[in-house]
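Colleague: need a structure here:
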Amino acid sequence: MTDHGDRSGGAIGGPVRHVPVLLAEVLAALAPQAGGRYLDGTFGAGGYSRAILDAAPDVTLLGLDRDPTAIAGGADLVAEMAGRLTLSQANFGELAEEAERFKMAPLDGVVLDIGVSSMQIDQAERGFSFRFDGPLDMRMSSSGQSAADLVNEAEEGLLANIFYHYGEERRSRAVARAVVEARRKAPIATTKQLADLVAGIVWGEPGGAHPATRVFQALRIAVNDELGELVRALHAAEAVLKPGGRLVVVTFHSLEDRIVKQFFAERSGRVPAGSRHAPAVAAAQPTFRLVAKGAVAPSEAEMRANPRARSAKLRAAERNEAPARRADAGLVALSTVPDPQPRRRP
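Modeller: Take a look at the predicted model:
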């Protein structure tokens, strides 16, 4: 069993058994207290949850995961913790409702480890990786629209924007056009079909990532609405944390980190100065205090031991007594695919 790790590395790497990324740093930032109530919004294989439960006496924890296999796999840990651990199949964007439902609110801490888990990547039938030929699925919850549905039904312009915005694929338009042409002949149903198609359009560098890495990443984010879930989770945590409670978020991609960074900056009172074009507005009352200045990255030793940790970043903040605010429209905009951009003139 493995926990969350780097997206791109997982797409081409084999099974890796390891402790959760930035475990010591997560515990230091979360600072579990005796008798505290905590929520692990991305239970995975239970690495963070076990560490939090072991960190202080009488800690209770609610673990969420949208993947039913992760919840089923945690049964032994639930039994071992003898009533101190509860698991629920739910999206982490629903963490406030889940905390209320299980009478865990208000919380002393929330931890989120964003992205696909290594154990999902390493299962060919889940369709996350092009290392293994399998159905083009990528659904973390095993329900709803699959990657195959999106690839075979979405309009060319939407596919191009997904590849560019979520995957930062520079040849997004060419890839989208090739996908549409290929699906006219037959549906694209497997990971190998899509990976081979992309490899014929995108040139890879010797020793670099597989040419399909960015396209697979983009589809995974879109299928699971990963950025939207992150935005909802940040606002939910703000609503359910008690004063002094801490929110710790580990991300693996610049899009995710940008959302977390902007949320913490805005909620801690670090608003941009005004100018003659955009005058300063009255700052809203801060709801968080930053625990650490900037992002915390893995050590060189951790990255050598676990290459999937290399892109991880940790950010943390502590809740104060100010009332929770309304959802930030700017963050919501960051989580959505923008409208099609006009083509460049030759």
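
Colleague: quick one, domains of this protein?
Modeller: For the chain, automatic domain parsing gives the domain ranges 7-118+226-334, 130-224.

Colleague: need the ones you listed in a markdown table (columns: mean neighbour count).
Modeller: No exception for glycine: its C-beta is placed from N, CA and C like everyone else's. Formatted as a markdown table, those follow (neighbours: other CB atoms under 10 Å):
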| stretch | mean neighbour count |
| --- | --- |
| domain 7-118+226-334 | 19 |
| domain 130-224 | 19 |
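
Colleague: can I get the ones you listed in a markdown table including mean pLDDT?
Modeller: Conversion of those to a markdown table gives the following (pLDDT from 0 to 100):
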| stretch | mean pLDDT |
| --- | --- |
| domain 7-118+226-334 | 88 |
| domain 130-224 | 90 |
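
Colleague: can you list contacts of stretch 230-243?
Modeller: 39, 41, 91-97, 99-100, 105-110, 112, 114, 247, 249, 256, 259-260, 263, 267, 287-288, 319-321, 324-325, 327-328, 331-332, 334-335 (CB atoms under 8 Å, 6 or more residues apart in numbering).

Colleague: please state the offset of it from the chain centre?
Modeller: Computed by CA atoms, centre = their mean, to the nearest Å, the chain-centroid distance of stretch 230-243 equals 15 Å.

Colleague: among the contacts of stretch 230-243, which are in strands?
Modeller: Applying DSSP state E to these, the entries found in strands are Leu39, Leu107, Asp108, Gly109, Val110, Leu112, Leu247, Val249, Phe288, Arg319.

Colleague: name the nearest of those relative to Pro187.
Modeller: Comparing those against Pro187 with CB to CB picks out Leu112 as the nearest, at 35.0 Å.

Colleague: tell me the contacts of the closest one?
Modeller: Gly41, Thr42, Phe92, Leu230, Ala233, Ala237, Leu247, Val248, Val249, Val250.

Colleague: look up how far Asp113 lies from the fifth one.
Modeller: Ala233 is 11 Å from Asp113, where distance means CB to CB, to the nearest Å.

Colleague: check the fourth one too.
Modeller: To Asp113, Leu230 is 11 Å away according to CB to CB.

Colleague: please apply the same query to the second one.
Modeller: Spatial separation of Thr42 from Asp113 under the definition CB to CB is 4 Å.

Colleague: break down the stretch 101-250 of the chain into its strands, ranges please.
Modeller: 107-113, 241-251 (DSSP state E, counting those that start in this stretch).

Colleague: name the strands paired with the shortest one and say parallel or antiparallel.
Modeller: Sheet neighbours of strand 107-113, with direction, are listed as strand 37-40 (parallel), strand 241-251 (parallel) (DSSP bridges).

Colleague: between the next helix or strand after the shortest one and strand 107-113, how big is the angle?
Modeller: It stands for strand 37-40. Going down the chain from strand 37-40, the next helix or strand is helix 47-55, by DSSP states H and E. Counting by axes from the mean of the first three to the mean of the last three CA atoms, to 10 degrees, helix 47-55 points 150 degrees away from the direction of strand 107-113.

Colleague: against which helices or strands is the very next helix or strand once past helix 47-55 packed?
Modeller: Next helix or strand after helix 47-55 toward the C-terminus (DSSP H and E): strand 60-65. Applying 3 or more CB pairs under 8 Å, 6 or more residues apart in numbering; DSSP states H and E, we find strand 60-65 packed against strand 37-40, helix 47-55, strand 85-89, helix 95-101.

Colleague: what about the most centrally placed residue in the chain, distance to Ala233?
Modeller: For the chain, Ile114 is the residue whose C-alpha lies nearest the centre (CA atoms, centre = their mean; 2.6 Å). For Ile114, the distance to Ala233 equals 9 Å [CB to CB].

Colleague: likewise for Ala209?
Modeller: Taking CB to CB, one finds Ala209 at 28 Å from Ala233.

Colleague: same question, Leu77
Modeller: Counting by CB to CB - Leu77 and Ala233 are separated by 22 Å.

Colleague: what of Arg246?
Modeller: 14 Å.

Colleague: one more: Ile188?
Modeller: For Ile188, the distance to Ala233 - CB to CB - is 31 Å.
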